[in-house]
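Visitor: Dropping a prediction and its sequence here:
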Amino acid sequence: MKLNIEEALRYLGVGKPIPEKLRRQAVQMAERLTAALRPKYLYRVFPLCHEADRISLPGTQLVLTGETARRMLAQCDAAILLACTLGAEFDALLRTEQARDMAQAVLLDACGSAWVEAGCDAAEEELAARIPDRYRTDRFSPGYGDLPLALQPAFCAALDTGRRLGLYVTESLLLNPAKSVTAIIGLSGQPQMAHIRGCAYCAMRQTCQLRKGGKRCAS
């Protein structure tokens with residue numbers, strides 16, 4: 001598992017070329033973070049039930065509606081629910097850094113975002129080894145496209161994230177601890193061509209600093 005420095009710098013919203021001093025600082029912060037803690041994750045496979053205008057996951061309270069779920073899971077008969085978090089330890093590290101040096105705290109926050117994504121990538125690598133005969137969709141999360149954040153409580157209940165990861169959903173439907181991710185990955189017997197790409201599907205599309213500057217993650 002490795003923290004992607006380029007991804008961390010993108011979370012900072014820094015345009016190219018990246019100042020060499022900032023890159024060195026990001027590398028140092030990434031080394032500090034990865035030495036201090038590792039992402040924790042869990043996942044579970046559920047069957048899918050396709051109905052006229054929705055997709056349900058038997059054994060859970062989850063009902064997926066809208067175009068995003070329909071398009072991504074159209075050829076899938078099962079799905080993986082995945083949750084990953086840096087835990088309360090990261091929140092404590094961030095509070096300490098904020099009290100000491102706000103500039104370094106911003107850098108730590110960006111590295112934290114990249115580190116939890118690295119945890120999700122590691123989970124997918126593990127899944128690929130465990131179920132090599134199944135094709136996976138891109139992972140997508142409540143808040144992407146028209147998949148509502150209101151799914152978070154049922155999502156976390158299905159995985160029992162509170163007991164198993166210390167991960168909860170706040171009244172405003174945010175995940176706590178802050179550096180946490182939930183995601184759905186469809187499973188199919190055939191290659192999957194639908195992908196989650198572009199600003200329209202991103203949960204940060206309304207607040208993204210890159211978009212405000214006329215840039216995109218891939219640029």
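Guide: Nice, thanks for sending it over.
Visitor: what about the nearest residue to residue 108 once chain neighbours are set aside, which helix or strand?
Guide: Nearest residue to residue 108, sequence neighbours excluded (Cβ to Cβ, 6 or more residues apart in numbering): residue 97, at 5.1 Å. Every C-beta, even on glycine, is put in place using the N, C-alpha and C of the backbone. Per DSSP states H and E, residue 97 falls inside helix 87-100.
Visitor: can you check residue 182 too?
Guide: If you go by DSSP H and E, residue 182 is part of strand 180-188.
Visitor: and that strand with helix 87-100, angle?
Guide: 140 degrees (axes from the mean of the first three to the mean of the last three Cα atoms, to 10 degrees).
Visitor: quick revisit: burial of the residue nearest to residue 108, as a residue count?
Guide: Residues lying near residue 97 (other Cβ atoms under 10 Å) number 19.
Visitor: Quick check: it vs residue 188, distance?
Guide: 43 Å (Cβ to Cβ, to the nearest Å).
Visitor: Residue 146 too?
Guide: 21 Å.
Visitor: now swap in residue 1 and tell me
Guide: Counting by Cβ to Cβ, the gap from residue 1 to residue 188 is 26 Å.
Visitor: Please identify which of the two sits among more neighbours.
Guide: Comparing residue 1 with residue 188 by other Cβ under 10 Å, the one with more neighbours is residue 188, at 18 against 12.
Visitor: My read is that the more buried one contacts residue 77, right?
Guide: Yes: between residue 188 and residue 77 there is a contact under Cβ atoms under 8 Å: 7.0 Å.
Visitor: I'd like to know how many residues surround residue 183.
Guide: Quick note: residue 183 (other Cβ under 10 Å) scores 22 neighbours.
Visitor: average pLDDT for stretch 103-122?
Guide: If you average the pLDDT over stretch 103-122, you get 96.
Visitor: I'd like to know which helix or strand in this protein has the lowest mean pLDDT.
Guide: Every helix and strand of the chain was ranked by mean pLDDT, DSSP states H and E. The lowest is helix 209-212, at a mean of 48.
Visitor: So which residue is dead centre in the protein?
Guide: residue 181 (3.9 Å; Cα atoms, centre = their mean).
Visitor: Pull the contacting residues for that residue.
Guide: 82-85, 116-117, 119-120, 141, 175 (Cβ atoms under 8 Å, 6 or more residues apart in numbering).
Visitor: Could you export those to CSV, including columns for neighbour count?
Guide: Formatted as CSV, those follow (neighbours: other Cβ atoms under 10 Å):
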residue, neighbour count
82, 23
83, 26
84, 26
85, 25
116, 24
117, 19
119, 23
120, 21
141, 22
175, 22
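Visitor: Right, I'll call it a day here.
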